[in-house]
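Asks: Okay, predicted coordinates and the sequence, questions at the end:
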Amino acid sequence: MSINALIKRNKYGLIAVLILLVSLKGISSGEVIAVSDIEKEKYSTELILKSRELNLSEDLYWHTILHYKKNFTGGYTSLMDDPKFFFAQDGKNNPEAELEATIRAFFSPVEEGKMHPTVKFAARYAWLKERLAIDSAKLPYDGEIWFNQFYNTLNPAAVTLVFSAGYMNSPASMYGHTLLIIESEDSNRLLARAISYAASTGDDFIMLFAFNGVFGFYKGFYSFLPYYQKITEYSDGEMRNMWEYEIPMTTAEKKRLVQHIVEMEGVYADYYFIGENCSFNLLYLIEAAKPETKITDAFGFGVEPIDTLRTARDMNIVSKITFRPSMYTKIQYFRSKLNRDEQKLVLDFCRGNRVISDFDLVNADEKKKIIMCDLASEYLKFMVVKNDISDEDYRGRFMSVLIRRNSLGKYDPIQDIPTPISPDNTHKSRRIAVETGHSLEGVYSQFAYRQSSHEIMDPDDGYNMNSQIIFGNIAGRYYYDDKKPVLQRFDIIDITSIPPSDSFYFNNCYDFKIGFIQNVRDGEEETLSYQIKGATGLSTLLAEKVQIYFLAGIRSYFAPDYEHYSDILGGCESGVLTILGPWKNHMYAQVYHAPFGETHTRYSASVSERLKITDSISIAADYSCNKDYSFTWHEFSAKVNFYF
């Protein structure tokens, strides 16, 4: 069987599988040329000398496909960490040595079952072949033959950057995720190939996940899957809206893109949650296609998926943005068009307590019955994803809905789902806050910086409503009475997820944080403590933009000033969040008791107000009444937030 036949036979499989099939087959479809060692050495030396004359090791494209960035010493370091990615021993830090070692690798002999360097490193080979006018007849193998067969089979037509919104119930998905999809000329978008870069995290619990993700202890790999599988995983299974940003490319650009995809298959880079992450590394594929954009140079310290969308938009490389609502969004929209009795009828049917003919008992027009059928079909799919229904029951109920739906008109309510604010138009993640107020220690002024990403009182547009995910929030205060500066807090990680529950959905809420904070102790003073907090609970909506929640858990503080070096409290908290346009209100109360060591009970009642001024500025005010040990104190503050 020829290589071309192998590729066609597996047309809709993984790109990685295609590469593997071809490599296992060998490279017999190309012309393997017998070249003497003396001839190879002579010709490779000529090419190396020519590369030095042209100064190719300093070329922008070479640095792009090797992922080189300037380091602190003025030299270069590649962001790739897999030794298999380099031919030179010092290739990670030496662009010239790596280029020359790559040229010599092109003359290595063909090995059965192993991809020749001219095949595996398709982008390097194509570029060097063009710049050095390499005579492929003098090489053991011309990898361009394989690549052209592969590219023609892939037949790329359109390239799209896809963003899936954050999923707060999974630590690996809280920031959202980006994919790159490649559509073929002869297939629809659902059959497109999805290229993703992600960390191999396993099932690590959140504290270990945060530590490993921040300090680069995970390995990140590129993966290649059909797009419909990612839609099923993200949109259906994790209820995440998806946004598609189409990036026009010429034929030459698409070729460079695919060449670099081939190079990146099977090699890893150390994964950093707020830097070299799923979105940043994906941009290298776009930059390989469009090196003039220098898109990976557009970021300072810290990169988030939403940042990459804004950058692509601002560089004018996006031609079209398409919203793909999640299963959850569709279900919630259908529910908003039905009254409570109609929603309950659909829910009872999905759970097997009513039959489809009961839909006709509703005094409603045809459009509303269509919406009831569509709600039933979507919710049945959701029940399958969550394993809340057997396959047999699902098939029976879904078929009855389908038959009833086909007897109605052609109206499609999905087309009426309003498009929310796109993620590239949300507030920016980094924030500076200037604050003044009064606390237990007296009047103060405070300056705070947040690296990322979103607090519960920030504008929710583009984020999960009433969620919070913070990395690297630091605040310093100056107290005027004592004339002293203090580190007020340093939040290493602070995550709050309070998705609402109702008759259709049951969602666990949680609040988790680790970091340092000034904690009150006996004597009417505060001490800097290491904090770990964990809480869980439930939430529900009283109205569309009014949400209540209840959490119970443990707050623990560790410092030398405490008896047994710790202050551990257990208790609960409850609150109400209200959103009205640019204004947001949060009223909450907390009760926590410390049963060990210095026994005490802490009470507090608080209210927070926030007003959005622009996408870059908001103002906020806070007040709380607190009682602990034998004293009571009041805190109040006002601040201005600047997002950038």
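Replies: Thanks, I have the structure now. The structure presented is a predicted model; accordingly, all values stated were derived computationally and were not measured.

Asks: Okay, now the unreliable bits of the protein?
Replies: 1-35, 168-174, 202-207, 236-238 (pLDDT under 70).

Asks: how near is Ser36 to Glu100?
Replies: 21 Å (C-beta to C-beta, to the nearest Å). For glycine as for every other residue, the C-beta is placed from the backbone atoms N, C-alpha and C.

Asks: More neighbours: which of the two?
Replies: Glu100 (23 against 8; other C-beta atoms under 10 Å).

Asks: Domain-wise, how is the protein divided?
Replies: Annotated domains of the chain cover 3-154, 156-324, 329-416, 426-643 [automatic domain parsing].

Asks: Centre of the chain to the longest one, how far?
Replies: How far domain 426-643 lies from its chain's middle: 25 Å, per C-alpha atoms, centre = their mean, to the nearest Å.

Asks: Can you measure across that domain, start residue to end residue?
Replies: Taking C-alpha to C-alpha, to the nearest Å, domain 426-643 runs 10 Å from one end to the other.

Asks: Next: the shortest one.
Replies: Start-to-end span of domain 329-416 (C-alpha to C-alpha) is 12 Å.

Asks: From the chain's centre, how far out is that domain? Work that out for me.
Replies: Its chain's C-alpha centre and that of domain 329-416 lie 32 Å apart, by C-alpha atoms, centre = their mean.

Asks: And the strands in the stretch 251-400 of the chain, which stretches?
Replies: 268-271, 320-324 (DSSP state E, counting those that start in this stretch).

Asks: Pairing partners for the longest one, with directions?
Replies: Just to be clear, that refers to strand 320-324. Sheet partners assigned to strand 320-324 using DSSP bridges are listed as strand 242-247 (antiparallel).

Asks: centre of the chain versus the strand it pairs with, how much separation?
Replies: Here the centre of strand 242-247 is set off from its chain's centre by 14 Å, with C-alpha atoms, centre = their mean.

Asks: Using CSV, write down the CA coordinates of it.
Replies: What follows is strand 242-247, C-alpha atoms only, in CSV (Å, rounded to 0.1, in the frame of the first residue of the first chain):
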residue,chain,number,x,y,z
MET,A,242,-17.1,28.6,22.4
TRP,A,243,-16.0,31.4,20.2
GLU,A,244,-14.4,31.0,16.8
TYR,A,245,-12.0,33.6,15.4
GLU,A,246,-11.3,32.9,11.7
ILE,A,247,-7.7,33.8,10.6
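
Asks: For that strand, give me every contacting residue.
Replies: 158-165, 181, 231, 234-235, 286, 309, 312-313, 317-324, 326, 422-423 (C-beta atoms under 8 Å, 6 or more residues apart in numbering).

Asks: Helices of the stretch 1-150 of the chain, residue ranges please.
Replies: According to DSSP state H, counting those that start in this stretch, the stretch 1-150 of the chain carries its helices in the segments 3-9, 15-25, 37-53, 60-65, 95-105, 117-120, 122-132, 144-154.

Asks: okay, those helices, which one's buried deepest?
Replies: Greatest average neighbour count among the helices of the stretch 1-150 of the chain goes to helix 117-120 (a mean of 24), per mean count of other C-beta atoms under 10 Å.

Asks: And that one, what does it pack against?
Replies: helix 122-132, helix 144-154, helix 251-264 (3 or more C-beta pairs under 8 Å, 6 or more residues apart in numbering; DSSP states H and E).

Asks: again, only this time at 10 Å
Replies: Packing partners of helix 117-120 (3 or more C-beta pairs under 10 Å, 6 or more residues apart in numbering; DSSP states H and E): helix 15-25, helix 95-105, helix 122-132, helix 144-154, helix 251-264.

Asks: and these as JSON lines, adding distance to Arg340?
Replies: Shown next, in JSON lines, are those (distance: least, C-beta to C-beta, whole Å):
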{"stretch": "helix 15-25", "distance to Arg340": "49"}
{"stretch": "helix 95-105", "distance to Arg340": "66"}
{"stretch": "helix 122-132", "distance to Arg340": "58"}
{"stretch": "helix 144-154", "distance to Arg340": "51"}
{"stretch": "helix 251-264", "distance to Arg340": "51"}
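
Asks: Which of the helices of the stretch 1-150 of the chain sits closest to Ala192?
Replies: helix 144-154 (10.4 Å; C-beta to C-beta).

Asks: roughly how far out does the closest one sit from the chain middle?
Replies: Relative to its chain's centre, helix 144-154 lies at 31 Å (C-alpha atoms, centre = their mean).

Asks: what's the answer for stretch 132-150, then?
Replies: Relative to its parent chain, stretch 132-150 has a centroid offset of 38 Å by C-alpha atoms, centre = their mean.

Asks: Endpoint to endpoint, it covers what distance?
Replies: In terms of C-alpha to C-alpha, the two terminal residues of stretch 132-150 are separated by 24 Å.

Asks: Next: stretch 66-85.
Replies: Note: stretch 66-85 ends 8 Å apart using C-alpha to C-alpha.

Asks: buried set for that stretch?
Replies: By neighbour count on 16 or more other C-beta atoms under 10 Å, the buried set for stretch 66-85 is Leu66, His67, Tyr68, Tyr76, Thr77, Ser78, Leu79, Met80, Asp81, Phe85.
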